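[1] Prediction below, plus the sequence it came from.
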Amino acid sequence: MIKAGLVGLGKIARDQHLPAMEKVDGIELAAVASRNAQAQGVSNYPDLDAMLANEPGLDAVILCQPPQVRYEAARQALLAGKHVFLEKPPGATVSEVEALVALAERQGVTLYASWHSRYAAAVAQAKQWLATRTIRHVSIQWREDVRHWHPGQPWIWEAGGFGVFDPGINALSILTEIVADPLALLSARLEIPANKQTPIGAQLQMATASGASVEAVFDWRQTGHQTWDIAVDTDDGQLLLSEGGNMLRLDGEVQVKAPDDEYPAMYRRFVALVANHAIDADIAPLRLVADAFLCGEHCPTTAFED
């Protein structure tokens with residue numbers, strides 16, 4: 001049984017991580033470190049230092065804080081010999097994650113960069129269907145309401161907080177999973193509010209190594225119904241992943257429609273990785289976001305204010 005300590009008891013931890021651990025055999029929550037919250041039935045500490053000092057029997061550390069501070073926490077846990085589970089995105093920069101992979105290898109422990117949308121119900125079947133077809137074009141529409149998903153979380157608008165790429169990277173994690181070819185970013189248009197440091201909207205143009213065009217629109221101003229769609233045109237019909245990857249249509253006919261089981265699936269994966277002291281830390285989605293910030297045309301706007 002893996003004894004785990006969780007750092008950062010915020011919305012994502014309460015909504016997803018705690019319920020997922022309760023459903024998965026082989027792991028149990030033993031402690032929580034959080035500045036502003038406590039969990040029932042486990043030991044609680046104000047920070048990771050205190051948790052590591054007082055819980056020597058911990059096997060793993062689950063990191064759910066904002067990405068700006070995740071690298072130092074992960075490094076500390078790895079140096080303490082703990083297996084580490086990183087909430088997405090796995091770091092604020094590509095180089096941070098690469099450094100953590102090298103450290104985990106030296107320490108002989110697991111590092112898991114979790115991409116929960118890859119575990120949506122229809123993603124694996126979509127990947128299998130596309131593997132034997134030629135992709136012509138991919139269109140991504142990822143539109144949601146920031147006030148619903150990140151209420152009272154100013155870090156999301158600060159440098160390293162990703163802005164609209166916090167949800168957008170979920171789409172990129174699916175894209176890089178179901179499309180076998182490497183992807184290149186060709187251009188990016190980022191809409192950054194005048195009083196923020198990260199974008200509220202983004203339009204990306206990409207291409208696969210085989211020459212298929214890929215376009216993505218990410219927007220955080222959508223109210224009402226939330227849109228999480230990936231449409232793929234091929235030489236043998238169209239594939240549509242919707243509901244964040246939990247529904248699959250082929251030429252309009254529903255093939256898969258299943259409830260969300262992403263986080264329990266990730267924890268099952270983590271338990272298996274820990275059993276073998278293995279590392280799973282793909283940075284392909286993060287690299288595309290980094291490229292967008294590097295080459296993007298920044299378009300300040302005052303259309304969105306707190």
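    Received it, and whenever you're ready, just let me know what you need.
[2] and the closest residue to I169 other than its chain neighbours, what does it touch?
    In this structure, I169 finds its nearest non-sequential neighbour in P285, 5.1 Å apart by CB to CB, 6 or more residues apart in numbering. For the C-beta atoms, the positions are set from N, CA and C on the backbone; glycine is no exception. When contacts are counted by CB atoms under 8 Å, 6 or more residues apart in numbering, P285 is found next to 89, 115, 169, 172-173, 175-176.
[3] tell me the two of these that are most distant?
    Spatial extent of the contacts of P285 (CB to CB) is set by the pair P89 and L175 at 14.7 Å.
[4] what sits up against stretch 3-20?
    So stretch 3-20 is contacted by 21, 27-34, 36-39, 48, 51-52, 55, 57-66, 73, 82, 85, 87, 116, 150-151, 153, 262-264, 266-267 (CB under 8 Å, 6+ apart).
[5] Out of the residues you listed, which sit inside helices?
    Among the contacts of stretch 3-20, the subset assigned to helices under DSSP state H consists of 21, 48, 51-52, 73, 262-264, 266-267.
[6] most neighbours, which of these?
    Compared across these, Y267 has the highest neighbour count, 27 neighbours, by other CB atoms under 10 Å.
[7] just the CA coordinates of stretch 194-207, formatted as CSV?
    What follows is stretch 194-207, C-alpha atoms only, in CSV (Å, rounded to 0.1, in the frame of the first residue of the first chain):
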residue,chain,number,x,y,z
ALA,A,194,-4.2,44.7,-19.9
ASN,A,195,-4.3,43.9,-16.2
LYS,A,196,-3.1,40.3,-16.5
GLN,A,197,0.1,38.4,-17.4
THR,A,198,-1.4,35.3,-19.0
PRO,A,199,-3.9,35.0,-21.9
ILE,A,200,-7.7,34.7,-21.7
GLY,A,201,-7.8,33.6,-25.3
ALA,A,202,-5.5,31.9,-27.8
GLN,A,203,-5.5,30.8,-31.5
LEU,A,204,-2.8,28.3,-32.6
GLN,A,205,-1.9,27.1,-36.0
MET,A,206,0.1,23.9,-36.0
ALA,A,207,1.1,21.1,-38.5
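[8] ok, back up a step: buried subset of the contacts of P285?
    Neighbour counting over those (16 or more other CB atoms under 10 Å) leaves 89, 115, 169, 172-173, 175-176 as the buried ones.
[9] In helices only, show me these.
    Per DSSP H, helices hold the following members of the buried ones among the contacts of P285: 169, 172-173, 175-176.
[10] Mind putting the residues you listed into CSV with pLDDT?
    Output for these, formatted as CSV (pLDDT from 0 to 100):
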residue, pLDDT
I169, 97
L172, 98
S173, 98
L175, 98
T176, 98
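[11] what's the closest of the buried ones among the contacts of P285 to M206?
    Sorting the buried ones among the contacts of P285 by distance to M206 puts L175 at the head of the list, at 8.3 Å, by CB to CB.
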